[in-house]
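Visitor: Please work out how this folds:
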Amino acid sequence: MKVLHLTTFKKCGIADYFNYLIKEIDNIGNGEIVNDVFPVDVDWQKKSNFNQVSDYYNEFVKKSENYDLIHIQHEYHNFTGNYPKLKSLKLFNNILEKLKSKNVIVTFHSNPLPIIHNRVLSPIFKNYSYSQFFKNGNMKALVHNTISKEMYLKSGFDLNSIITIFHPTPNIIEEYPEKNMALKDEIYRKLNLNNDSIVLSIVGFIHKYKGYDDIIKLLTILPDNYKLIILGDKHPRGTDSYYNKLLNNISKNSLENRVFITGYYDEKDLSTFCDLIDIFLAPYSSKFTSGSGAIQIGVQSKKPTIAYDIESFKDLNKEFEPICLVKEGNIGELKDKIIKIADNNELKDYYIDQAKKYLLDNSYYRLAKQTIEIYNDFME
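Guide: Alright, predicted model coming up:
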């Protein structure tokens, strides 16, 4: 079976997701599945007009003629360029239109854009909900949780076209156990860490929806021995505006000595960061999140993770309880839970043990097996 993949390839969550997945598919497939990649170059697209980007994806469509199956890793930002957002929807719509005679699988990593705010399909987006293509049996949508499935159904997708898959967790931290002592010393000095310090952390590209405003408010009401390591930097496809707002917010609240921003970090340093961190946080907004690769770092860190109770994180807690959930937007409850877990080793151990069980059940190996089954079912 020959499969052509459309995916980002530069550093981002979807590129990581794809690379881990395809590595396991190659291992399990034993040469029976031939995987090729047509790259999404978001940096080039940012500087290119609609016609130029359309011509690029016409080459993808042309190349697809030589393959049995097409698998697209979809995120709305992947199809933006130097043109209005509505045109990026039109662009992907056009791609699907040209592929409608092919066997196509699309993994949707975000909830449907037209209804993410109020779950009502906006008329301006109605022509670009993509639903028309997911009715005739030769296109399948893969989504990460039940709320995403519900939202795609509401946007017009056929029930039989949607398959729910889990969001796996790679064992990145265990791959690189060695510690970077120079980095560790730098953070110790910057945050003035000592035996009484409690270090919190949030992981991933810096976006408003990840709850950074709430975390800064949280630090202002926590004792001074609570510090924060931000494992990430501004998104390479984003603007500086929110990042600069965050820096101003840190400065305005005199938190410069309690917050350390790593910038883009090397995965080899994750075990060093995890050595310093006591609790991971994920106070994400329900408006934008269908799943999170970043929260998986906390889950595999052997440290407890506290998150807002958005639907995708409730899904994550279905079989086990790898993360502690608090009510979305309730900073007081988040504060109380942090203090409670920080002071209670038995509670810490409970969440760490639950995370271990979750990791065993949610590996990329298992997702690769499920994906191959989907491929085979599709081709029968």
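
Visitor: What residues of the lowest-mean-pLDDT helix or strand in the chain count as buried?
Guide: Sorting the helices and strands of the chain by mean pLDDT, DSSP states H and E puts helix 172-175 at the bottom, at a mean of 72. Of the residues in helix 172-175, those buried by neighbour count under the rule 16 or more other CB atoms under 10 Å are 172-173. (Each C-beta comes from the backbone N, C-alpha and C, glycine too.)

Visitor: Name the residues that touch it?
Guide: 267, 270-271, 274, 297, 300-302 (CB atoms under 8 Å, 6 or more residues apart in numbering).

Visitor: counting contacts, what elements does the following helix or strand past that helix pack onto?
Guide: Per DSSP states H and E, helix 172-175 leads on to helix 181-191 as the next helix or strand towards the C-terminus. Packing partners of helix 181-191 (3 or more CB pairs under 8 Å, 6 or more residues apart in numbering; DSSP states H and E): strand 226-231, strand 259-261, helix 270-276.

Visitor: most packed of those?
Guide: strand 226-231 (a mean of 22; mean count of other CB atoms under 10 Å).

Visitor: what about Ser155, neighbour count?
Guide: 20 (other CB atoms under 10 Å).

Visitor: make that Asn82, sorry
Guide: Other residues close to Asn82 by other CB under 10 Å number 13.

Visitor: Using the three-state scheme, assign it.
Guide: Under DSSP: H, G, I helix; E, B strand; the rest coil, the three-state class of Asn82 is coil.

Visitor: Quick check: phi and psi on Thr164?
Guide: Dihedral pair for Thr164: phi -90, psi 130, per degrees, to the nearest 10.

Visitor: correct me, but it touches Ile147?
Guide: No. The criterion here is CB atoms under 8 Å, and Thr164 misses it with Ile147 at 10.2 Å.

Visitor: more crowded one of these two?
Guide: Ile147 (20 against 13).

Visitor: The more buried one in helix, strand or coil?
Guide: helix.

Visitor: Show the pLDDT at it.
Guide: Ile147 is assigned 80 on the pLDDT scale.

Visitor: who's in contact with it?
Guide: 111, 290, 311-312, 315.

Visitor: Neighbour-wise, give me the winner out of these.
Guide: Result: Asn111 is most packed of these (other CB under 10 Å), 28 neighbours.

Visitor: State whether that one is indeed within a helix.
Guide: No. Counting by three-state DSSP, Asn111 is not found in a helix; it is coil.

Visitor: wait, it sits on Glu150?
Guide: No. The criterion here is CB under 8 Å, and Asn111 misses it with Glu150 at 9.4 Å.

Visitor: what about the stretch 151-300 of the chain, any weak spots by pLDDT?
Guide: By pLDDT under 70, the weakly predicted segments of the stretch 151-300 of the chain are 236-239, 287-293.

Visitor: got the domain boundaries for this structure?
Guide: 2-168+363-379, 172-361 (automatic domain parsing).

Visitor: Just give me how far the first one sits from the chain centre.
Guide: The gap between where domain 2-168+363-379 is centred and where its chain is centred comes out at 15 Å by CA atoms, centre = their mean, to the nearest Å.

Visitor: Same check on stretch 370-380?
Guide: 24 Å.

Visitor: all helices of the stretch 151-300 of the chain, in order?
Guide: Along the stretch 151-300 of the chain, counting by DSSP state H, counting those that start in this stretch, helices occupy 172-175, 181-191, 212-221, 241-252, 270-276, 295-299.

Visitor: among those helices, which is nearest Asp158?
Guide: Asp158 sits nearest to helix 295-299 of all these, at 30.4 Å, using CB to CB.

Visitor: Starting from the helix or strand following the closest one, tell me which strands it pairs with and how they run.
Guide: As assigned by DSSP H and E, the chain's next helix or strand after helix 295-299 is strand 305-308. Strands adjacent to strand 305-308 in the sheet, as given by DSSP bridges, are strand 279-282 (parallel), strand 324-326 (parallel).
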